[in-house]
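[1] fold the following, please.
(one chain, ligands or ions: 1)
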Amino acid sequence: MLGFPIPYPEELLYSTIARAGVHDGETSPKQLLDKVFNNRSVIATVDLPSHIERLASQYRDSLGLDLRVLISRHTLWPIYSPFLPRERIRKLNRWMSGTSQGAAHLASGIAASRVKAKTNLYVCDECLKEQKSKYGECFWNRLWQVPLVKVCPLHGPLYTTNIDLDGEHRHSHIPVESSRILEPLKIESADRVFANQVVELFQVQNEGISFSQWTEFYRRLASNLGLLRGRRIDHAKIHEVVLEFWGKLWLAEAGILPSDTETSWLRGLFRKHRKSFSFSEHIVVLSALSNGTFGIRNAIAEASSMMISRKKTSVRGQEPVNANELSRDQIEWERLLEQSHPKEARQHSPALYARLYRNHRDWLMQINSANHAENKSVNKRVDWPQRDRQTAKELRCIFEKLSKDLYVPHLSKTFLIHQLKHRATVEKNLYRLPRCSALLSLYSESTDEYQARRLTRAYLMTKEKGLEIKRWSLLREAGLSDERMTDTVSALLRNILSEKTHSQI
Ligand SMILES: [Zn+2]
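    Numbering: from 1, shown residues only. The predicted structure follows:
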């Protein structure tokens, strides 16, 4: 199709296809499918569409809109990918790039998850106005369609539209302009916390964290937060904190109110993971236990850096750690490849290589060739001063971007390092990288600074909305409490509140 439109930031591919129809004056949905996909039976899918390779081929290479970019920035893929084992993500990616429709949903486990996809399309009225004045047309933003998201973090409640996805519109890509905007959703402050976490999730690009890594992450989290009784997880306490933070009603409406029983999903999250948990379950637990201070993005960064203990490896390491997951040997090989070439890895662990060759030959060949290509240009004898300069430059760029955004998570040293391309190398060799160490100290936020930022953010948001500035609502919005607040931040809060009184007089 000539002149296929370029997706706007955060626009769903569903929406780009709809706009293609409008630009082309194509009124028949079937003909539009024919023009775009050369296939009339494609189902118009909002969350995880397939046939994306076909869309990617519509763009010139110089635009950089390849399959990967389209999947990660213009579909709901990022809310699922960090929570699925790698093997299933690979399957999902294959499905999204090319073939079957329903299978993509099946592959991601969404069909079986407790959180159901939205059945109608939603909009933020204010965002639509902004889009119209900025671009001259409107589009469907992906945040609006995320299950359980009810609010636009910038403006307010989302509005239901008359576009019902299961019924008559199955094969049509409907432009926003053709929808009718119905009533706004009822929201509460928990909805804002949730929506902000989904925004964070959209910024993460992570392809799979194993069940063992998530298991280890939550074990450590419980221990760090003192949620243990003796050496056991204090499930009752966790249950109480989660219900207190979100409210029973909110959780019930979301369909994830944890039961009191042994088999509740909440208990399962703190035990050995045998299946995936949904993004909403992770968000609910992390926000509640940290009182909104530990974001999903930090959690993903930490979980993906968890090393899996090998103590329990039994017979030859061939059994998978969990169903749908890589075997211990495969995990070990992946870890070796993070640091060395396939050839070096083979010399280092010939027995491991031999076992993999026997049991997972196709997989081995595939991963080796992928790593071979990636590492070709890497000089194995690292020029540290050069690496230091390059990384410092990268760090400056990253910080420049992050510092403009009041909503980024705590800018700790670890968090900053995790944004870097060679994060593992940097972490291990920081003593060889003096410029980077200095910049990290300069850029990382102290607790004081981080709390102050959250308070400022809450203050600005309240003001922008024209709401009355109240102490309790500021604290709640900022995820602060009297016990946690540092002295400096208490002083800042007093200032804000006294300023408010003055301006009212
Ligand atoms: Zn909005």
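[2] going by C-alpha atoms from here, please, whenever you check contacts or count neighbours.
    Noted.
[3] and the residue of the chain nearest the ion?
    For the chain, the residue positioned closest to the ion under C-alpha to the ion is Cys127, at a distance of 3.9 Å.
[4] show me what contacts that residue?
    Neighbouring residues of Cys127 by C-alpha atoms under 8 Å, 6 or more residues apart in numbering: His155.
[5] distance-wise, check His282 relative to Val408.
    From His282 across to Val408, the span is 18 Å (C-alpha to C-alpha, to the nearest Å).
[6] again with Ser97
    31 Å.
[7] what does the protein put close to the ion?
    The chain has residues Cys124, Cys127, Cys152, His155 near the ion, with proximity defined as C-alpha under 5 Å from the ion.
[8] only the buried subset of the residues you listed, as a PyMOL command please.
    To isolate the buried members of the residues of the chain next to the ion in PyMOL, using 16 or more other C-alpha atoms under 10 Å:
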select buried, resi 124+127+152
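[9] so which bits of stretch 117-124 are buried?
    Buried residues in stretch 117-124, defined by neighbour count with 16+ other C-alpha under 10 Å: Lys118, Leu121, Tyr122, Val123, Cys124.
[10] how about low-confidence regions in this protein?
    Under the criterion pLDDT under 70, the flagged ranges of the chain are 99-114, 308-325, 339, 372-380, 500-505.
[11] could you pull up the residues touching the residue lying closest to Lys470 once chain neighbours are set aside?
    Leaving aside its sequence neighbours, Lys470 sits nearest to Leu497 (C-alpha to C-alpha, 6 or more residues apart in numbering; 7.8 Å). By C-alpha under 8 Å, 6+ apart, Leu497 lies in contact with Ile469, Lys470, Arg471.
[12] just give the closest residue to Pro434, not the sequence neighbours.
    Asp388 (7.2 Å).
[13] so which bits of the helix or strand harbouring that neighbour are buried?
    Using DSSP states H and E, the element containing Asp388 is helix 384-403. Using 16+ other C-alpha under 10 Å as the test for burial, helix 384-403 gives Arg387, Asp388, Thr391, Ala392, Glu394, Leu395, Arg396, Phe399.
[14] what packs against that helix?
    Helix 384-403 sits against helix 434-443, with contacts defined as 3 or more C-alpha pairs under 8 Å, 6 or more residues apart in numbering; DSSP states H and E.
[15] could I have whatever helix or strand comes next after the helix it packs on exported to PDB, CA atoms only?
    Counting by DSSP H and E, the element after helix 434-443 in chain order, helix or strand, is helix 447-464. The C-alpha coordinates for helix 447-464 follow below in PDB (Å, rounded to 0.1, in the frame of the first residue of the first chain):
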ATOM      1  CA  THR A 447      16.400   9.200  49.400                       C
ATOM      2  CA  ASP A 448      15.900  12.900  50.200                       C
ATOM      3  CA  GLU A 449      16.000  13.900  46.600                       C
ATOM      4  CA  TYR A 450      13.800  11.100  45.500                       C
ATOM      5  CA  GLN A 451      11.100  11.800  48.100                       C
ATOM      6  CA  ALA A 452      11.300  15.500  47.200                       C
ATOM      7  CA  ARG A 453      10.800  14.700  43.600                       C
ATOM      8  CA  ARG A 454       7.700  12.600  44.400                       C
ATOM      9  CA  LEU A 455       6.300  15.300  46.600                       C
ATOM     10  CA  THR A 456       6.900  18.000  43.900                       C
ATOM     11  CA  ARG A 457       5.200  15.700  41.300                       C
ATOM     12  CA  ALA A 458       2.200  15.200  43.500                       C
ATOM     13  CA  TYR A 459       2.000  18.900  44.200                       C
ATOM     14  CA  LEU A 460       2.200  19.900  40.500                       C
ATOM     15  CA  MET A 461      -0.400  17.300  39.600                       C
ATOM     16  CA  THR A 462      -2.800  18.500  42.200                       C
ATOM     17  CA  LYS A 463      -2.400  22.100  41.100                       C
ATOM     18  CA  GLU A 464      -2.700  21.300  37.500                       C
END
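[16] please state the offset of helix 447-464 from the chain centre?
    Distance, stretch centre to chain centre, for helix 447-464: 23 Å (C-alpha atoms, centre = their mean, to the nearest Å).
[17] what of stretch 140-160?
    That offset, for stretch 140-160, works out to 16 Å (C-alpha atoms, centre = their mean).
[18] now do the contacts for Ala396.
    Actually, residue 396 is Arg rather than Ala. Arg396 touches Leu439, counting by C-alpha under 8 Å, 6+ apart.
[19] I'd like the distance between it and Leu416.
    Distance from Arg396 to Leu416, by C-alpha to C-alpha: 10 Å.
[20] hang on, the earlier thing: among the contacts of Leu497, which ones are in helices?
    Members of these lying in helices (criterion: DSSP state H): Arg471.
[21] could I get the contacts of Leu497 as CSV with distance to Met306 and neighbour count?
    CSV is the format used below for these (distance: C-alpha to C-alpha, whole Å; neighbours: other C-alpha atoms under 10 Å):
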residue, distance to Met306, neighbour count
Ile469, 41, 17
Lys470, 41, 12
Arg471, 39, 13
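[22] now the residue nearest to Lys470: how far from Leu128?
    34 Å.
[23] check Ile367 too.
    Separation of Ile367 from Leu128 (C-alpha to C-alpha): 44 Å.
[24] give me the more crowded residue out of these two.
    Leu128 (18 against 15; other C-alpha atoms under 10 Å).
[25] cool, thanks, signing off.
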